[in-house]
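Visitor: Structure for the following, please:
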Amino acid sequence: MKRYKIPNEVLYGIKELDDQHQELVDTVRSLDAHVGSDDIATIEKIFDHLEKLMIKHFSDEESIMKETEFPDVAAHSVHHKKLLEEARQIFSIAVSRGTLSEHDINESIDKILRHLLLADAPFNTHLRQTQHV
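Guide: Modelled structure (predicted):
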């Protein structure tokens, strides 16, 4: 599997958060090897890891948002909760179906990348304008 490199322009310049973004994408991409597989136990382990990564990352990101006085922390937190719930739904569908589809993977990657490119952009701008990077 070729590693997806997150574009530099969407990186925060905060190593911990940037590394977490990359790990989130890499974890979803690791599911590619399980497309069409009925090895739900392995898929479940990967999704469990992904869920824990998302929870940690969202918590870390929201803490830095508060520290840097980002004005839209509450709205961004709501978006994080929605993204986490959507990931859980994708996994639930895969489990009930008994297999992981390529569509599941693409939908998960799409949601994470859209979040990085669209929802995180105002925070990225805030960090650059307030010289926190």
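Visitor: Could you list the low-pLDDT ranges of the protein?
Guide: Along the chain, segments meeting pLDDT under 70 span 1-2, 132-133.
Visitor: for the top helix by length along it, packing partners?
Guide: The residue-count maximum for a helix in the chain (DSSP state H) belongs to helix 40-67. Contact analysis of helix 40-67 by 3 or more Cβ pairs under 8 Å, 6 or more residues apart in numbering; DSSP states H and E lists helix 15-30, helix 73-97 as its packing neighbours. For glycine as for every other residue, the C-beta is placed from the backbone atoms N, C-alpha and C.
Visitor: the inter-axis angle of the first one versus helix 73-97?
Guide: Computed by axes from the mean of the first three to the mean of the last three Cα atoms, to 10 degrees, the angle separating helix 15-30 from helix 73-97 equals 20 degrees.
Visitor: and helix 15-30, what other elements does it pack with?
Guide: Helix 15-30 packs on helix 40-67, helix 102-114, going by 3+ Cβ pairs under 8 Å, 6+ apart.
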